[in-house]
Structures are given as structure tokens and as C-alpha cells.
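1. Below are the sequence and a predicted model for it; my questions follow.
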Number of protein chains: 2
Amino acid sequence: MPNQGNTTTQMAGSSSTSLAAAEKPASPRRTRNKPEERHKEFVRKAIELFAEVGFEAGTRELAQRLGVTQPLLYRYFPSKDDLIAAVYQEIYVNRWKKEWRDGLIDESRPIRERIIAFYEDYTSTIFTPEWIRIYIFAGLRGVDINRRYAATVEAEILRPITLATRHSFGLGGQEPPTAEEVELFWTLQGGIFYYGVREIVYQFPMPVDRATMIRNAVDTFLTGVGPVLKRLAERENVAG
Amino acid sequence: MPNQGNTTTQMAGSSSTSLAAAEKPASPRRTRNKPEERHKEFVRKAIELFAEVGFEAGTRELAQRLGVTQPLLYRYFPSKDDLIAAVYQEIYVNRWKKEWRDGLIDESRPIRERIIAFYEDYTSTIFTPEWIRIYIFAGLRGVDINRRYAATVEAEILRPITLATRHSFGLGGQEPPTAEEVELFWTLQGGIFYYGVREIVYQFPMPVDRATMIRNAVDTFLTGVGPVLKRLAERENVAG
DNA sequence: CATGTTATTTATCGAACGATAATTAACATG
DNA sequence: CATGTTAATTATCGTTCGATAAATAACATG
């Protein structure tokens, strides 16, 4: 049934003609593409598929969506795990913006403005099904990816925010933020992140739009964090 | 334990003796148990296994851990999905405490105390690999469970907290909390929940203990939420 | 102790999976 | 236009999965 008919095989396209058995789009032989493009194309579609189904998604399903045969995948990725690694790289490394940190430590703007601007841009990057769902899939599958990512968030975002906030309250000097201080900002980070999880993963109806949520959360946090930071700083001075 | 084996079938236990082919613990025939106990036992072990591996965990692996054969599972659960449903029921329905709501609306204690006490007890219930990991697995697999659970959290926890906090600030009356108000408390909830995710799922080293984190997060929140709630209430009064 | 019920096991099916080897055809080069 | 390279396909292997049917043995009852 592979149909080698030299006649009308062309328009096998993708849909409608598929028989009950599925899987084979009935197009024998396709065009020949450049390896780099194929590689990118494969990763892009893999992200799409994994975000939907998870990493248990079959290589046959992926091949079908790409309009190629399943063994072709193994010409570009030695194993499925290598494909998954490429997916991680694309999402969590290539999409990170160095400007986030720069904006946060830019003392020419008020701290509130900086933090709100950061979270608006950051959430516009990560609040997609691809980013969030794959991030969560990754965390359940193994801890490496997420630990590394969390370490980056802490080093590049939360510690700078902590120091900047401390300064804006006229507290402390250059000493590195304590774990307890950083933990405070983790709860802000987590609270905002969980908004995205409810919206995108649990598909909860979200009556409050993202910008409003961020503004209220940051306002609440910045108003309340002053006294707590002060208390922590005093305790630190006594202890140290 | 069970196994009244009249000979040496005893030590079929679990390890070492397993041949290369694996799967069969070499114990032919076991004792006969009461159906209700089996049912409970199966669910209990299924929770354990699913928390580790996810719902893709094989029924053969589960059977092996139970010391029974795989087809026996199908005498107690018509399909794997029914087993999963029983797991959900056990974790997310049976472990819910009505006292949480009662404690939160008990106006004889200060609001700060009530909220901190609630989160300490709540986290002591849900900050286990079983609860958190299965909750997250469930959310990626389908939205029903988590949507239902989130609706319960909102109705039984967050709305009461919102009203109680409003009162403690001398704001508003009996009007139901607005979506924007509730959303504020969702960020607190999410921030605390994400602490558990980092600890249990991502296995991040947590230098700040749970109680301290809760105290700081609630203090920050309660200090900061007053002005924001007030602003929202005023806007509401003008608009309404 | 004989008998009936049913909890449990043995054996097996069909589908789907990741992966490999061998074959075929698209394209670049002379 | 003949030729070599390699992108892409066909065919297939071995494993694992959820699930079912039939055989067997534990226990209750008389």
C-alpha cells in the first residue's frame, strides 16, 4: 500500500486522504531539505508536541506531524533523549534575556517600576503553554533542568532584586543578600508564576488580567517588605 | 507478612534473587486477602508509585511492588484510569480538612495568627512528594482534577481569608470579595505552594525552614495588603 | 471431608514504543 | 548525462504496555 504510483502521488499533502489506519500521510518520498533547517524544524515541532502530550509523546506522532517518516528523526538525533535535550536548550537557554538583569539594577528608575516592568516582560516570555508545560514536565522527569534554571533565576533575578530593594529602603550595604531575604522574593516570584500555571496549565478562567495581577502583587509586596527587611537586617546586625 | 508458605517460599521478598528476566518474584501463589483491604493496599501503593514515576508507571511494576501478579489489579479496578481516579479521591478529597475553613473565620483570634496557623497545617498536609507530585502530574494530564481542586481552595480558603482580612482592616461589609481581591490572595497561596514545589519536586536545597518562610511571607503580605485593599474598595465604591 | 465460591495465577493477545539495517531517490558535481 | 553522496524511505526487530480468558488454589460452608 505504499503506493508507488508514478501518477498523482503529488498532492498527498496532509489531511483528508488519511485512511482509518492513520500514521502514513500517503506521500511517498518528499523533498530533500538542508540539515540545519530540518534540525530546527524538528525541535520546533517537538516543543509543540511535548508541550501538549508530554515527553511520552511518540516519535511516530512527531514524525507524522512533520510529514516525514519516523526513522528520519534518528538521523538528526541519536536518541529521543537527545531530542529532548535540544528542546530544553531552545526553551530555557535561548529564550533567556540578559536585559532582565540589566533593567532590574538600573538605579535611574524607581524600584517599583523596575520590578513591574521586569515581571511584565518575563511573563510575556514564559506564560506560554510551551514554556510552562514543558518546564513542569521536566521537573517531574528529573531535577537537573529545573534546578539549574532556578539557580539562574536566583542569581540573575532574585538576588539583584533583593539588593535593589534593600537599597531603595535605605537598608544594608553591599553584603550579599541573606537566604531569608532571597526567600521573600521567591514567594513573590512563585506567586506570579503560579498565576501562569493556573491560567495555562489548569485553564482556570482568569478574571483579573495579567498586568493588574502583577501591579497588585508587586504593590502589596513592596509595601509590606520594608518592615520585614528591616527586621531581618537588625537581627543580622545583632547576630553578626 | 502474609504468605503462610509451608515451605521456603518465604524470602521471595523483592530483591537479589531476581533473575535477569526480572518481574517474577518466584513466589507461586500467595495468601488470600479481603477485598476491601486489597483495594486500600492497591491504592496506597499506587499513590507511592505514581508519585515517583508518574501515571505512565506500568501496572506490572505496581503489581510487583504489591507482591501480586499484574492481572489481579484488574479484578479490583476495571482499568488503569479507574485506579488513577481512586488515587485522586484518596489524596484530594479524603485529605481535605474542614477545620481549615473553620479556623480561618474564627474571629476570636487575630488574622495574622489564623493565616499563619492555617498555612502551617495546610503545608504539613500537602508538602509531601505524594501530594505535590501527583497534583502536578494530574494537572498536565487533564485539567478536571486541578480545576475542581482550585475551585475548592478558592471557595473554602481564599474567599474566607479575603473577607476576614477585609474585616480586620475595617473595610467593606458583607459584599462578596471581588475577583481582584481574591487574586491577591492567590499570589500568597501560589508563593507558598511554590516553596513546596522547589523543595519537593525540584529538590532545591532550602536554607530557610518552612515556618520561617510562612511567617515572613504572611507578614509581608498582611502589611502590604491593607493599602491595596483600601484602594480597591474605594474604586469599587466610586464605580458601584 | 466434600463442595462451591472466588481470589489469585498462568498464559497470551494486539498495539505501541524506541531503535536499527537495508534500500531508494534527490541533489551537487564533474 | 553519468556518478557519488546522503537525505529519506521501507521493513523490521525486540520490548513493554494495558487488558482478557482460562486454569488453579485458598477459604467458607454444609
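-> Structure's in. What do you need?
2. Tell me what angle the top helix by length along chain A forms with helix B:210-239.
-> Across chain A, the longest stretch assigned as helix under DSSP state H is helix A:210-239. Calculated by axes from the mean of the first three to the mean of the last three Cα atoms, to 10 degrees, helix A:210-239 forms an angle of 140 degrees with helix B:210-239.
3. For helix A:210-239, what does the pLDDT average out to?
-> For helix A:210-239, mean pLDDT is 92.
4. Are that helix and chain B in contact anywhere?
-> Yes. Under the criterion of Cβ under 8 Å from any Cβ of the partner chain, helix A:210-239 makes contact with chain B via A:212-213, A:216-217, A:219-228. Any C-beta I mention is one placed from the backbone N, CA and C, and that applies to glycine too.
5. Tell me the helix or strand right after the host helix or strand of residue A:164.
-> Residue A:164 is located in helix A:159-168, with elements delineated by DSSP states H and E. Following helix A:159-168 in sequence order, the next helix or strand is helix A:179-196 (DSSP H and E).
6. Please pick the buried ones from the residues of helix A:210-239 next to chain B.
-> Neighbour counting with 16 or more other Cβ atoms under 10 Å in any protein chain shown marks A:213, A:216-217, A:219-226, A:228 as buried within the residues of helix A:210-239 next to chain B.
7. Please produce CSV containing those, extended by distance to residue A:161.
-> Output for those, formatted as CSV (distance: Cβ to Cβ, whole Å):
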residue, distance to residue A:161
A:213, 18
A:216, 18
A:217, 13
A:219, 15
A:220, 15
A:221, 10
A:222, 10
A:223, 16
A:224, 15
A:225, 10
A:226, 14
A:228, 15
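8. Return the member of these nearest to residue B:108.
-> residue A:224 (24.8 Å; Cβ to Cβ).
9. tell me the contacts of the closest one?
-> B:219-225 (Cβ atoms under 8 Å, 6 or more residues apart in numbering or on different chains).
10. Could you restrict the residues you listed to the ones contacting DNA strand C?
-> Contacts with DNA strand C are made by none of those, judged by Cβ under 7 Å from any atom of the strand.
11. Contacts for the helix holding residue A:164 next, please.
-> The contact list for helix A:159-168, computed with Cβ under 8 Å, 6+ apart, reads A:101, A:104-105, A:107, A:110-111, A:114-115, A:118, A:172, A:176-177, A:181-182, A:184-185, A:222, A:225, A:229, A:233.
12. mind listing what's buried in that helix?
-> In helix A:159-168, counting by 16+ other Cβ under 10 Å, buried: A:159-166, A:168.
13. With stretch A:58-78 instead?
-> A:59, A:62-64, A:66, A:68-69, A:73, A:76-77.
14. Could you do stretch A:231-240 as well?
-> Quick answer for stretch A:231-240 (16+ other Cβ under 10 Å): A:232-233.
15. Please export the C-alpha coordinates of it as PDB.
-> These are the backbone C-alpha positions of stretch A:231-240, laid out as PDB (Å, rounded to 0.1, in the frame of the first residue of the first chain):
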ATOM      1  CA  ARG A 231      13.700  43.400  61.000                       C
ATOM      2  CA  LEU A 232      15.900  40.900  59.300                       C
ATOM      3  CA  ALA A 233      18.700  43.500  58.900                       C
ATOM      4  CA  GLU A 234      18.600  44.400  62.600                       C
ATOM      5  CA  ARG A 235      18.700  40.800  63.600                       C
ATOM      6  CA  GLU A 236      21.600  40.300  61.300                       C
ATOM      7  CA  ASN A 237      23.500  43.200  62.800                       C
ATOM      8  CA  VAL A 238      22.900  41.900  66.300                       C
ATOM      9  CA  ALA A 239      24.000  38.400  65.400                       C
ATOM     10  CA  GLY A 240      26.900  39.400  63.300                       C
END
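16. Could you tell me how far it lies from the centre of the chain?
-> Relative to its chain's centre, stretch A:231-240 lies at 37 Å (Cα atoms, centre = their mean, to the nearest Å).
17. got the angle for the helix or strand where residue A:118 lies vs helix A:159-168?
-> Counting by DSSP H and E, the element that carries residue A:118 is helix A:111-126. Orientation of helix A:111-126 against helix A:159-168 (the same axes, to 10 degrees) gives an angle of 160 degrees.
18. Now do helix A:111-126 and helix A:179-196, the angle between them.
-> Using the same axes, to 10 degrees: helix A:111-126 against helix A:179-196 is 50 degrees.
19. Is there proximity between helix A:111-126 and chain B?
-> No. Helix A:111-126 stays clear of chain B (Cβ under 8 Å from any Cβ), getting no nearer than 11.2 Å.
20. Got phi/psi on residue A:92?
-> phi -100, psi -10 (degrees, to the nearest 10).
21. Return the residues in contact with it.
-> Applying Cβ under 8 Å, 6+ apart, the residues contacting residue A:92 are A:135, A:145, A:149.
22. among those residues, which are in helices?
-> A:135, A:145, A:149.
23. Quick check, the first one in contact with residue A:149.
-> Yes. Under the criterion of Cβ atoms under 8 Å, residue A:135 makes contact with residue A:149 at 7.5 Å.
24. does the most centrally placed residue in chain A count as helix, strand or coil?
-> Closest to where the C-alpha atoms of chain A average out (Cα atoms, centre = their mean) is residue A:131, at 3.2 Å. Of the three states, residue A:131 takes helix under DSSP: H, G, I helix; E, B strand; the rest coil.
25. sorry, back to before: quick check on the contacts of helix A:159-168: which are buried?
-> Buried among these (16+ other Cβ under 10 Å): A:101, A:104, A:111, A:114-115, A:118, A:172, A:177, A:181-182, A:184-185, A:222, A:225, A:229, A:233.
26. sorry, back to before: show me how far the helix holding residue A:164 is from its chain's centre.
-> How far helix A:159-168 lies from its chain's middle: 24 Å, per Cα atoms, centre = their mean.
27. Give the rounded mean pLDDT of it.
-> 96.
28. Low-confidence regions, chain A specifically.
-> Along chain A, segments meeting pLDDT under 70 span A:1-30, A:238-240.
29. domains in chain A, as residue ranges please.
-> For chain A, the structural domains run A:31-91, A:97-239, going by automatic domain parsing.
30. out of the ones you listed, nearest to residue B:32?
-> domain A:31-91 (36.0 Å).
31. Now do the end-to-end distance for the closest one.
-> With Cα to Cα, to the nearest Å as the measure, the ends of domain A:31-91 fall 28 Å from one another.
32. Just to check, residue A:207 is in contact with residue B:179?
-> Yes. With contact defined as Cβ under 8 Å, residue A:207 reaches residue B:179; the gap is 3.9 Å.
33. ok, and what's touching stretch A:226-236?
-> A:165-166, A:169, A:171-172, A:178, A:180-181, A:184, B:216, B:219-220, B:223.
34. can you redo those residues as CSV with distance to residue B:94?
-> Shown next, in CSV, are these (distance: Cβ to Cβ, whole Å):
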residue, distance to residue B:94
A:165, 42
A:166, 45
A:169, 46
A:171, 47
A:172, 47
A:178, 40
A:180, 35
A:181, 39
A:184, 34
B:216, 32
B:219, 33
B:220, 33
B:223, 36
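35. distance of the closest residue to DNA strand C within chain A from residue A:64?
-> Residue nearest to DNA strand C within chain A: residue A:58 (2.8 Å; Cβ to the nearest atom of the strand). Distance, residue A:58 to residue A:64, using Cβ to Cβ, to the nearest Å: 9 Å.
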